[in-house]
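1. Fold the following for me, if possible:
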Amino acid sequence: MNINEWTVSNDTVGTWQHYGVAGESTRYIGQDPWLNSTILWESNKTDSTGGTYEGGWGQSAHPTIDINHLHRNSVWIYRITAGVGRFLFGVNGYNTANTEVGLARITDSVTETNNYFTSDGSRNITQQGSWLLAVGHVYPYGHTGTTMHVDSGIWSMNGTKYASTTADYKFISTSTRMSHRAFIYDGLEPSRYIFVYPRIDCCDGTQPTLQQLLRHQTFHATMNFGLYNLAIQCKDVVYN
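-> This is a model prediction of the structure:
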């Protein structure tokens, strides 16, 4: 994922496809969880209609994955207002033709499309004014376990689990690409959230640990208010 495409602007930018009506995704310079200046993506409901997208993104370019490794998706989220919009954090799986083929649920190996790690964030994220890290995992093809990863969930910066997510997945035999999705849906009143530092990590021994993501801005690379996701060499890898 190339978040260097983010600019100070509204709605779709580069391969980051805006979800919602015009003006419901806004990017501007603000402070990240460690009070550093960077580009933030705000979801800000502007219409009065429920049952619709309210800002956030999907991707038109889907990063290549290795089905033999665990992958971790994450994004920082900050709730500004107490509106009822639901935070949806999801993933899609694609084949070599870039056709959506879905992912298998970790609990029963049933393949489905339109996959979400969490889709009821209105209850999961009731706290306003604090950064939280949402984390979900996609296991290698052929994985036989049926329990979610211990690091999956919504995390406070102090390393405590703020809320649980609802699903993890695993790759199917035709998986070659995967997308990252984070957006607000179904707000019936003004709902404002901020996102920053979305990333997909291939857990091959080079990825930062969850605790490193939570505690150190170093692992979220910045460059001229543009952002990249980089492979970072780390020794303390957690694989479950």
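2. who does the longest helix seen in the chain touch, helix- and strand-wise?
-> The single longest helix within the chain, with elements called by DSSP state H, is helix 210-215. With contacts defined as 3 or more CB pairs under 8 Å, 6 or more residues apart in numbering; DSSP states H and E, helix 210-215 has these neighbours: strand 131-139, strand 153-156. Every residue, glycine included, has its C-beta placed from N, CA and C.
3. Look through this structure and tell me its longest strand.
-> With DSSP state E setting the assignment, residue counts place strand 192-202 as the longest strand in the chain.
4. Lowest average confidence across helices and strands of this structure, where is it?
-> Lowest on mean pLDDT, DSSP states H and E among the helices and strands of the chain sits strand 226-227, with a mean of 32.
5. roughly how far out does stretch 174-193 sit from the chain middle?
-> Using CA atoms, centre = their mean, to the nearest Å, the distance from the centre of stretch 174-193 to the centre of the chain it belongs to is 8 Å.
6. so how far does it reach from one end to the other?
-> Looking at stretch 174-193, the gap from its leading to its trailing residue is 35 Å under the measure CA to CA, to the nearest Å.
7. and it, which residues are buried?
-> 174-187, 190-193 (16 or more other CB atoms under 10 Å).
8. Which of these fall within helices?
-> No part of those ends up in helices, with DSSP H as the criterion.
9. Which members of these are positioned in strands?
-> Among the buried residues of stretch 174-193, the members falling in strands are Arg177, Met178, Ser179, His180, Arg181, Ala182, Phe183, Ile184, Tyr185, Arg192, Tyr193 (criterion: DSSP E).
10. Asn2 contacts Thr15, correct?
-> Yes - assessed by CB atoms under 8 Å, Asn2 is found in contact with Thr15 at 7.2 Å.
11. so what's in contact with the two at the same time?
-> Applying CB atoms under 8 Å, 6 or more residues apart in numbering, one finds that Asn2 and Thr15 are jointly contacted by Ala61.
12. any low-confidence regions in the protein?
-> Judged by pLDDT under 70, the chain has its weakly predicted residues at 46-51, 82-84, 120-124, 187-190, 217-240.
13. where do the helices sit along it?
-> In the chain, the helices defined using DSSP H lie at 121-124, 210-215.
14. ok, now how distant is Gln207 from Ala134?
-> Plainly put, Gln207 is 16 Å away from Ala134 if you go by CB to CB, to the nearest Å.
15. which residues touch the closest residue in space to Thr147 that isn't next to it in sequence?
-> The shortest distance from Thr147 to any non-neighbouring residue, by CB to CB, 6 or more residues apart in numbering, is to Ile106 (7.3 Å). Applying CB under 8 Å, 6+ apart to Ile106 gives the contacts Tyr139, His143, Gly145, Thr146, Thr147, Met148, Ala167, Asp168, Tyr169, Lys170.
16. Pro198 and Arg72 touch, don't they?
-> No - here Pro198 does not reach Arg72: they are 11.7 Å apart, not a contact under CB under 8 Å.
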